[in-house]
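Peer 1: Please find the sequence and the predicted model below.
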Amino acid sequence: MRGLALVLIGAAVASCSTAPESRSLSAEDHLQKVLAGKVALAPVDCLRSYSSNDMIVIDDGTILFREGGRVYRNDLGGGRCSGLAMGNALLTRQFGGQGLCRGDVAQVLSPSSGMIVGSCVLGDFVPYERAAR
């Protein structure tokens, strides 16, 4: 009986794992092309401002934000924004003038229906810029 309890506890813990899902080959190729020649810097908590026109959706788990020559990579902290890569919009709200920050909840909006179809939590913003020569 004790052995069965340990197996059930192990299965429950394993089901809570947040191991990232694998990225499709086309999404990985797109990510590598955008970040080619750039190096990662220390993560930052917030983007003070961004334009939705400068947002690049790699897949349901990774979003890039362009700001001048710098690109910020955000691997979503709360899992994936289901449906984001299918052409849906990312709806964010900025509070207190901090900008878009780690831990903020973003919602996925279907432009055709106007309905919220998912949500996720933003992770760290990792800046990438051209490598010094």
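Peer 2: Happy to help now that I have it.
Peer 1: Can you check the pLDDT for residue 24?
Peer 2: With respect to pLDDT, residue 24 scores 89.
Peer 1: same question but for residue 16, I mixed them up
Peer 2: 35.
Peer 1: in the chain, what secondary structure element scores lowest on mean pLDDT?
Peer 2: helix 2-15 (a mean of 38; mean pLDDT, DSSP states H and E).
Peer 1: and the next element down the chain from that helix?
Peer 2: Along the chain past helix 2-15, the next helix or strand (assigned with DSSP states H and E) turns out to be helix 25-35.
Peer 1: Give me the contact list for that following helix.
Peer 2: Contact with helix 25-35 is made by 23, 56, 58-59, 62, 64, 71, 73, 85, 128, as judged by C-beta atoms under 8 Å, 6 or more residues apart in numbering. All C-beta atoms are positioned from the backbone trio N, CA, C, and that covers glycine.
Peer 1: Neighbour count and distance to residue 108 added to these, as JSON lines?
Peer 2: What follows is the contacts of helix 25-35, written out as JSON lines (neighbours: other C-beta atoms under 10 Å; distance: C-beta to C-beta, whole Å):
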{"residue": "23", "neighbour count": "16", "distance to residue 108": "18"}
{"residue": "56", "neighbour count": "14", "distance to residue 108": "16"}
{"residue": "58", "neighbour count": "24", "distance to residue 108": "15"}
{"residue": "59", "neighbour count": "19", "distance to residue 108": "13"}
{"residue": "62", "neighbour count": "23", "distance to residue 108": "14"}
{"residue": "64", "neighbour count": "20", "distance to residue 108": "17"}
{"residue": "71", "neighbour count": "19", "distance to residue 108": "22"}
{"residue": "73", "neighbour count": "22", "distance to residue 108": "19"}
{"residue": "85", "neighbour count": "18", "distance to residue 108": "10"}
{"residue": "128", "neighbour count": "19", "distance to residue 108": "24"}
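Peer 1: what residue ranges in the chain are flagged as low confidence?
Peer 2: Residue ranges of the chain with pLDDT under 70: 1-21, 78, 95-97.
Peer 1: Fine, thanks again, bye for now.
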